[in-house]
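[1] Next input, structure requested:
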Amino acid sequence: MSAPAGPRGYPPSERCRGILDRVREFIADEALPMVEEVEREIGPTAFALEPDGRLAAPMIGLKHRMQQASARAGLYCPHLPAPDGLGLGLVDVFHVQEEVYRHGLRGVQWMLAWTDGPSHLVRHWSAEAREAVLPGFLAGDTNVAFALTEPGAGSDALALTTSARRDGDGWVLDGGKHLITGAPFVQHAQVMARVEGAGRREVTAFLVPMDAPGASRGPVQQTIMADGQTGPLSFDGVRLPPGALIGREGGALDLVFLWINWARSRRGGMCSGLAWHCLDRSVGYTGARRAFGRPISDFGAVAERLSDVYMDWRAMRALALEVLARLEDTGLLDGGPVGAAERRDLSMLKTWCDEALLRVADRAIQVHGGRGLLAETGIERIYRVARNLRIPAGTTEIQRAMIADSLAAGYDGEPV
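    Numbers count the residues shown, from 1 in each chain. Modelled structure (predicted):
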C-alpha cells in the first residue's frame, strides 16, 4: 500500500524525495540483509536476551552495524543541521522516519539515531567534547544515554537528587538514575544534576564517560518491551573536567525540554510507519487466510477492524503532518523559547499518535488470530512498544494537562 498524500499537501521536499530513494535503497541492499542474517543465526528476535537480561550479543552487534552502515551512507542523523546531519525539517524527517518504521521493529529502525543516538543536544556540547566524543557518536560507533529520570523524579522531572559540586575547575558528580535507555551498554551519559545551592529550576547537564571511576551500571530493568536496553546508572564521586559541562551551569532546563520536544516530534513518523506496517500485514493476511470457505476479510467483524486500523492510521498521519508543518519555522529544535501553543501541539501529536498506534496494533493482533500472538510475526512487539510509548517523554496524563492549560490560557475558538 502506498502512502496517501498529506493533508493540504505536506509531501516531502524535492531534496527529501532524493533522500527517501537513498533510504529505500539502503534498506533493500544493506539493512534488511543484515537483519535477515541475524534472524537466520538466532531465530525470532523479539525476546533475544542474555541470561542477565541484556539485549543478546548478536542484536547489539546488529544495532551497531546498522548505525555504522547508515552513518557511512549519510542517513543516520537526518534531523541534525549540517555538518552533523542532513538538516531536514520536521515534515521531511517525518517522511524519512515513516519510511524506515514501515518495516516494523526487526532492526531496520536502528538506521536512525534515536534515544541513545545524536540529538540536538550535541550542539551544546563543549568544544572538547565535540572534538573527542562527537565524531564516533555521529559515525554510529558509540551511543550516549539521556539520563534524566530518577526513582523520585519521573513526571516531576525537577525533583532531581543527583548533585554536582565544584572541584577546582571541574566537578564531582553523585547520584543515580533509572529507567535509562541504553544504560547497559552506552559509552557516555548526558546526566542532569543540580549544583549545590541551586534552585529547583536550575538544572545542569554533564557529559559523563561511563568508564570513569565511580560511574557504574546496575542490573537490567526489564520493561514491557523486553528489549534488554534499560537500566540504572550510578555516580559515586565521579570527577569531571570543565569540558564535561553541557551548555551553561544552571541552564540545562532548556536543554531538557529541547530533548523532550525532539522526542515528542519524532512520534509522528514512527507511529505512522508502524501503523502502516500493521495495516499492510493485516490486509495481506486477511485476504489470504481462509475460513469457512472464504477469505476472512469477507467477515464483517474482520472488515470492521481493518477499517478502524486504516482510519486511525490516516488520522494520526494527517494530524502529525499538519502539526509538524505548523511548527516547521518556529525554531522548536533550535533551543529557543517554546510557547504554550507549540507545547500544546506537540502534546496533542504525541498523545494521539501513541494512543492510536496502540489501538492499531491491538486490532492487527486480533485479525491475525493466534498468529498475531506469536513473537515471530513481530506485531505483538509493536503492541508492547506502543504501550510503552504512553509513558516516556511525558505521560499521556501530563500531555493532556498541558493541552488543557494551553486552552485555559488562550483558546479563542480557532483551530490553530
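[2] does the closest residue to Glu249 other than its chain neighbours sit in a helix, a strand or a coil?
    Closest residue to Glu249 apart from its sequence neighbours, by Cβ to Cβ, 6 or more residues apart in numbering: Thr204 at 5.2 Å. All C-beta atoms are positioned from the backbone trio N, CA, C, and that covers glycine. Under DSSP: H, G, I helix; E, B strand; the rest coil, Thr204 falls in the strand class.
[3] Report the contact partners of Trp352.
    Ala315, Met316, Leu319 (Cβ atoms under 8 Å, 6 or more residues apart in numbering).
[4] TSV for those residues, including neighbour count, secondary structure and pLDDT?
    As requested, these are exported to TSV (neighbours: other Cβ atoms under 10 Å; DSSP: H, G, I helix; E, B strand; the rest coil; pLDDT from 0 to 100):
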residue	neighbour count	secondary structure	pLDDT
Ala315	14	helix	97
Met316	26	helix	97
Leu319	19	helix	97
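[5] any idea which of those is closest to Gln222?
    Met316 (28.5 Å; Cβ to Cβ).
[6] And the average pLDDT for whatever helix or strand Met66 lives in is what?
    Under the criterion DSSP states H and E, the helix or strand holding Met66 is helix 57-72. Averaged across helix 57-72, the pLDDT comes to 98.
[7] Show me what secondary structure element comes after it.
    Criterion used, DSSP H and E; the element after helix 57-72 is helix 90-101.
[8] With only the CA atoms kept, save that next one in PDB.
    The C-alpha coordinates for helix 90-101 follow below in PDB (Å, rounded to 0.1, in the frame of the first residue of the first chain):
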ATOM      1  CA  LEU A  90      10.300  18.400  10.700                       C
ATOM      2  CA  VAL A  91       8.000  17.400   7.800                       C
ATOM      3  CA  ASP A  92      10.800  15.800   5.800                       C
ATOM      4  CA  VAL A  93      12.100  14.000   8.900                       C
ATOM      5  CA  PHE A  94       8.600  12.600   9.400                       C
ATOM      6  CA  HIS A  95       8.700  11.100   5.900                       C
ATOM      7  CA  VAL A  96      12.100   9.500   6.400                       C
ATOM      8  CA  GLN A  97      11.000   8.100   9.800                       C
ATOM      9  CA  GLU A  98       7.800   6.700   8.300                       C
ATOM     10  CA  GLU A  99       9.600   5.000   5.500                       C
ATOM     11  CA  VAL A 100      12.000   3.300   8.000                       C
ATOM     12  CA  TYR A 101       9.400   2.300  10.500                       C
END
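[9] Tell me what angle that helix forms with helix 57-72.
    140 degrees (axes from the mean of the first three to the mean of the last three Cα atoms, to 10 degrees).
[10] starting at the chain centroid, how far to helix 90-101?
    Put simply, helix 90-101 sits 12 Å off its chain's centre (Cα atoms, centre = their mean, to the nearest Å).
[11] Also stretch 255-272?
    On Cα atoms, centre = their mean, the centre of stretch 255-272 falls 7 Å from the chain's centre.
[12] same deal with stretch 189-207?
    For stretch 189-207, the distance to the chain centre is 23 Å (Cα atoms, centre = their mean).
[13] Repeat that for stretch 139-154.
    12 Å.
[14] quick one: average pLDDT of it?
    Here the average pLDDT along stretch 139-154 is 95.
[15] ends of that stretch, how far apart?
    The straight-line separation of the ends of stretch 139-154 (Cα to Cα, to the nearest Å) is 31 Å.
[16] Please apply the same query to stretch 40-60.
    Stretch 40-60 end-to-end distance (Cα to Cα) = 16 Å.
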